[in-house]
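# have a look; sequence and predicted model below, questions after that.
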Amino acid sequence: MLDRYFLRELAQNVAATAIVLLAIMSGTQFAHVLQQVANGSFPASVMFQVLGLNMLTGLTTLLPLSAFLGVLLGLGRMYRESEMHVLASSGMGADGLLRPMSILALSVAVLVGAVSLWLGPWAVRTSDALVAAANRSVIAAGLDAGRFTELPGRGGIIFVDELSRDGSQLGNTFIATERVGSDKVTHVKVVTGKRGQLYQESDGNDRFLALWNGWQYDLPLGADNWRKMKYERNDASLSSVQADNSDEDPAASLTTMALLNSNTPDTRAEFAWRTIAPAMTLVLLMLAMPLSRQTPREPRFGRLLLAVLSFYFYYLLLALCRGQIIKGHWHHAGPMWMVSLIVFGIAAWMFRSQYVERKPRKVAA
């Protein structure tokens, strides 16, 4: 009966904390995705799909933090309202709290393991494929007749005066792109056509834009050697228009089995981070039990501030270890596990010391 009470109270606090942190993360991710759309990394039509997939990836860190803060708040309330003191005076020892906490910790750790080892990498791969497919299609970029449209991935500007219902047939078409040539001079390329057609290869991967009966201009800025060419048909590949993902780690999209079969510093660091995530959950929940203990008159957020600082210190140590693996200084995740074991041992000692019988003080005669 007591185990069910603890599980219910703590699970409710963990769920409420996760919802709040998820709302905060969604705002941050939305601003990041919106900036990518504004930069032309991918079209706005896939913005919300990318946002949802990015949030799935962020659950690897959000879930352990939610469990840590949720247990802190739940047990802290019980201590402030003297529930824990009453239970302790009724004979409840350390085992009375360890049993429900073990069930909760293992449940959250399994969920974190599923996210870090499978769901997170799947979300990264799906997001990359979604952006790549959208950037290969001018229709996904929001092409509309009668207005200028920016091609995704800084691919240029396109204008059509007519557009078929399915978006494959174009009327009079104008395309302007900008590139830096081999002579280190910026060139503006302008292509016009009487009509155009969007088509793709038989495998459905590469997309092309065919234009008929038009002109192509090559205009080097600051020079007068302009070139003008008349053509009957001009085919342009849209496959080179890709998202700007220079800030993303390519190893994040690999499956866990692929990481095992690779031996580069980046893949070793990614594998170490994925496997340490469930263990990090167990360490944080063990740490939450002694840090949540407080007296009824103690400031409410004093222990919470100490707990948050402890989380960031532990997370920073893991991040430093990961950085050393990426740089090639370390070749395995041993230091990350060593840090986790040390923090877990300190937390277990602190928790156990709270239930050790203290010898009565001798009163001087």
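Perfect, thanks for sending it. Residues are numbered from 1 along each chain as shown.

# now do the buried residues in the host helix or strand of Ala11.
Following DSSP states H and E, one finds Ala11 within helix 2-38. Neighbour-count burial for helix 2-38, with 16 or more other C-beta atoms under 10 Å as criterion, is recorded at 6-7, 9-11, 13-14, 17-18, 21-22, 25, 29, 33, 36-37. For the C-beta atoms, the positions are set from N, CA and C on the backbone; glycine is no exception.

# in the next helix or strand along the chain from that helix, what counts as buried?
Moving toward the C-terminus from helix 2-38, the first helix or strand encountered (DSSP H and E) is helix 47-80. Residues of helix 47-80 classed as buried by neighbour count (16+ other C-beta under 10 Å): 47, 49-51, 53-79.

# sorry, back to before: relative to Ala272, which of the buried residues of helix 2-38 is nearest.
Met25 (23.3 Å; C-beta to C-beta).

# contacts only, for the closest one.
Each residue near Met25 by C-beta atoms under 8 Å, 6 or more residues apart in numbering is listed here: 55, 58, 62.

# okay, Ala140: pLDDT?
pLDDT for Ala140: 47.

# ditto for Gln49
On pLDDT, Gln49 comes in at 90.

# could we number from 181 for the rest of this?
Sure, I'll start numbering at 181, so the last one becomes Gln229.

# list the contacts of it.
Gln229 sits in contact with 307, 310, where contact means C-beta under 8 Å, 6+ apart.

# how does it look with 10 Å?
Shown in contact with Gln229 (C-beta atoms under 10 Å, 6 or more residues apart in numbering): 213, 222, 306-307, 310-311, 314.

# do Ala459 as well
Ala459 neighbours (C-beta under 10 Å, 6+ apart): 244, 289, 292-293, 498, 513, 516-517, 520-521, 524.

# in PyMOL, how would I select the buried members of the residues you listed?
Buried members of the contacts of Ala459, defined by 16+ other C-beta under 10 Å, are picked up in PyMOL with:
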select buried, resi 244+289+292+293+498+513+516+520+524
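
# which secondary structure element of this structure has the lowest mean pLDDT?
Every helix and strand of the chain was ranked by mean pLDDT, DSSP states H and E. The lowest is strand 329-331, at a mean of 73.

# need the next SSE after that strand, C-terminal direction.
strand 336-340.

# any idea which helix or strand comes after that following strand?
strand 349-350.

# show me what that following strand is packed against.
For strand 349-350, the packing partners by 3 or more C-beta pairs under 10 Å, 6 or more residues apart in numbering; DSSP states H and E come out as strand 336-340, strand 366-380, strand 387-400.

# so what strands line up beside the first one?
In this case it means strand 336-340. With DSSP bridges as the test, strand 336-340 is paired with strand 329-331 (antiparallel), strand 353-360 (antiparallel).

# tell me how this structure divides into domains.
Using automatic domain parsing, the domain ranges for the chain come out as 182-314+429-533, 329-417.

# those: lowest mean pLDDT?
Of all those, domain 329-417 has the smallest average pLDDT, which comes to a mean of 82.

# helices or strands up against the host helix or strand of Ala303?
Ala303 belongs to helix 300-315 when assigned by DSSP H and E. Applying 3+ C-beta pairs under 10 Å, 6+ apart, one finds that helix 300-315 makes contact with helix 227-260, helix 436-440, helix 445-471.

# of the ones you listed, which is nearest Thr366?
Short answer: helix 227-260, nearest of these by C-beta to C-beta, at 29.8 Å.

# thinking again about what came up before, need the helices and strands packed on helix 300-315 in CSV (columns: distance to Ser533).
Below are those laid out as CSV (distance: least, C-beta to C-beta, whole Å):
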stretch, distance to Ser533
helix 227-260, 16
helix 436-440, 39
helix 445-471, 8
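
# nearest to Arg345, of these?
Per C-beta to C-beta, nearest to Arg345 of these: helix 227-260, 23.6 Å.

# list the contacts of Ser520.
Ser520 makes contact with 456, 459-460, 462-464, 494, 497-498, 501, 513, according to C-beta under 10 Å, 6+ apart.

# likewise for Asp183?
276-277, 279-283.

# which one of the residues you listed is nearest Pro476?
Leu277 (18.4 Å).

# residues touching the closest one, list them.
182-183, 186, 190, 255, 258, 264, 267-268, 469, 531, 534-535.

# could you rerun that using 8 Å?
Contacts of Leu277 were listed using C-beta under 8 Å, 6+ apart, and they are 186, 469.

# which helix or strand contains it?
Taking DSSP H and E as the definition, one finds Leu277 inside helix 274-294.

# off-centre distance for that helix?
The chain centre lies 25 Å from the centre of helix 274-294; the measure is C-alpha atoms, centre = their mean, to the nearest Å.

# same question, stretch 291-300
The answer for stretch 291-300 is 12 Å, by C-alpha atoms, centre = their mean.

# export it as CSV, just CAs?
The C-alpha trace of stretch 291-300 is given here as CSV (Å, rounded to 0.1, in the frame of the first residue of the first chain):
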residue,chain,number,x,y,z
LEU,A,291,12.3,4.4,-21.4
VAL,A,292,15.4,6.6,-21.7
GLY,A,293,17.3,3.6,-23.1
ALA,A,294,14.7,3.1,-25.8
VAL,A,295,14.8,6.8,-26.7
SER,A,296,18.6,7.0,-26.8
LEU,A,297,19.3,3.7,-28.5
TRP,A,298,16.5,3.6,-31.0
LEU,A,299,13.9,6.4,-31.1
GLY,A,300,16.3,9.3,-31.0
